[in-house]
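Trainee: Give me a 3D structure for the following:
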Amino acid sequence: MTAFDSLDPNDWPLPSELEERMLTPALVVWLDHVRHNIGCVLERVGDPDRWRPHVKTTKTPAIWAELVNAGIRQFKCATTREAEHLARVLLECRIPGGQILIAYPLAGPNLARAAALADTFRESRFDVLVEDPETATNAPEILGLFVDVNTGMNRTGIPWDDEERVLATARAAGARLRGLHLYDGHHVDPDPIERTRRIHADHERALELLERVRQACGPISELVTSGTPGFPAAIDFAPFADLGDTQHRVSPGTVVFHDGRSEEQDLGLGLRPAAMVVARVSSHPRADRFTCDAGSKSIAAEAGSPCALALGIPGWNAAAPSEEHLPFDRATAAEGALPSRGELIRLVPRHVCPTVNLAEKLVLVDRGVFVGTAPVAARAHDLGV
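Mentor: Numbering: from 1, shown residues only. Below is the predicted model of the structure:
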């Protein structure tokens, strides 16, 4: 995460009223940096209609409104709670014809819940993923269907090689078939050139599969590919720019907030960290270590070490967190003064998506002004009982 070492904390100001009153740890979002990141992505994709952002990262209606204000009308989410709050944002922003793809293979009551949302929020279109003919046949009529194709991540979808099942599922979807969904999140090679080569090889294969489905089922309205690591390669893949009656879209979501892991992937977009956990130095357990009050219950630690970077404090490396403690160790005997007890520090998460899910509310700052707080309304999951 050394790419963030040169950032100036003054570019992420905290108003004095916040510093004096805010309890820590706190998730803080700088809206001006959010808008900067949205602008960078839109400049890269060239057209708002080619971006279907995944909202699993941001989980906050106040942030989704920024995407709507930027011209985005189609979204992707993972849970029915996200889908419900997203539909409310589109309704409140008076956006008819919004598109919500629940990019998860729902089953049982979860699938019924998606249908109930589609029936409640008829101003928007609700689509779901399917990966077998039976589900495609029996899915509630009100839902549109995307055939989910497993391109090698081996998490969901029909394997590339099982073209027969892809075609059978597409045929079973009938008139409700919206498109194909291909997620390439396994392509995270640190070398952008090699990553692009591998992704483009998948894109060639995707074109062949798309043509087979068209021949079997007729026009396909959409091809969805590419999360955060892979979307620049997808935008650079020339055939995707003109697929006739098929609209190609990419679906990065982490880009709105950005994080350490995405910075390591060298997207070349000029993104800025827009969401950080603000913590206070709570202890000096030894001369070469300080501890802050943001542990694994406030900053995600599942994506490897270090789980965070302390902005503007070079020479200190985050050690493994415990539940309410995150120690930092001096990198060398010559670097970095020991921060004083009570000092505020800004922590850039290595993985911002689950970090956001840990917070009930976030603090909003816009160009140095405290805007207020906003609920992270789509965090966690509904139970239905």
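Trainee: Buried ones in stretch 27-36, by neighbour count?
Mentor: Leu27, Val28, Val29, Trp30, Leu31, Asp32, His33, Val34, Arg35 (16 or more other CB atoms under 10 Å). Where you see a C-beta, it was placed from the backbone N, CA and C, and this is true even at glycine.
Trainee: Identify those among those that sit within strands.
Mentor: Among those, the members falling in strands (DSSP state E) are Leu27, Val28, Val29, Trp30.
Trainee: Quickly name whichever of these is closest to Cys217.
Mentor: Val29 (42.4 Å; CB to CB).
Trainee: Could you measure from the residue nearest to that closest one when sequence neighbours are not counted over to Tyr104?
Mentor: Spatial nearest neighbour of Val29, chain neighbours left out: Ala275 (4.8 Å); criterion: CB to CB, 6 or more residues apart in numbering. With distances taken as CB to CB, to the nearest Å, Ala275 is found 23 Å from Tyr104.
Trainee: Run the chain-centre distance for stretch 4-11.
Mentor: Relative to the chain's own centre, stretch 4-11 is displaced by 23 Å; criterion: CA atoms, centre = their mean, to the nearest Å.
Trainee: got it, and stretch 239-253?
Mentor: 19 Å.
Trainee: List the buried residues for that stretch?
Mentor: Phe240, Leu243, Thr246, Gln247, His248, Arg249, Val250, Ser251, Pro252, Gly253.
Trainee: check contacts around Val41.
Mentor: Contacts here follow CB atoms under 8 Å, 6 or more residues apart in numbering; on that basis Val41 touches Trp51, Pro252, Val255, Val256, Leu269.
Trainee: and it, that's in a helix?
Mentor: Yes: looking at Val41 with DSSP: H, G, I helix; E, B strand; the rest coil, it is inside a helix.
Trainee: any idea how far it is from Val385?
Mentor: Distance, Val41 to Val385, using CB to CB: 39 Å.
Trainee: Arg52 too?
Mentor: Arg52 is 32 Å from Val385, by CB to CB.
Trainee: Out of those two, name the residue with the larger neighbour count.
Mentor: Neighbour totals were compared for Arg52 and Val385, and Arg52 leads with 26 against 4 (other CB atoms under 10 Å).
Trainee: Include pLDDT when you put the contacts of Val41 into a markdown table, please.
Mentor: What follows is the contacts of Val41, written out as a markdown table (pLDDT from 0 to 100):
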| residue | pLDDT |
| --- | --- |
| Trp51 | 98 |
| Pro252 | 97 |
| Val255 | 98 |
| Val256 | 98 |
| Leu269 | 93 |
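Trainee: Pick the one among these closest to Pro15.
Mentor: Minimum distance to Pro15 across those is 22.6 Å, recorded for Val256 (CB to CB).
Trainee: I figured the closest one hits His54, correct?
Mentor: No: using CB atoms under 8 Å, Val256 makes no contact with His54, being 9.3 Å away.
Trainee: Between these two, which is the more surrounded one?
Mentor: With neighbours defined as other CB under 10 Å, Val256 and His54 compare such that Val256 has more, 28 against 24.
Trainee: And the more buried one, how far from Gln215?
Mentor: Using CB to CB, Val256 is found at 37 Å from Gln215.
Trainee: And for Glu131?
Mentor: 20 Å.
Trainee: Same question for Gly227.
Mentor: Relative to Gln215, Gly227 is positioned 28 Å away (criterion: CB to CB).
Trainee: repeat for Pro13
Mentor: Using CB to CB, we find Pro13 at a distance of 57 Å from Gln215.
Trainee: which one of these two has more residues nearby?
Mentor: Taking neighbours as other CB under 10 Å, Pro13 and Gln215 compare with Pro13 leading, 16 against 9.
Trainee: right, and that one touches Val365 too?
Mentor: Yes: counting by CB under 8 Å, Val365 is a contact partner of Pro13 at 7.1 Å.
Trainee: pLDDT weak spots in the stretch 251-385 of the chain?
Mentor: 333-336 (pLDDT under 70).
Trainee: From the centroid of the chain, which residue is nearest?
Mentor: Centroid-nearest residue in the chain: Gly253, 2.9 Å away (criterion: CA atoms, centre = their mean).
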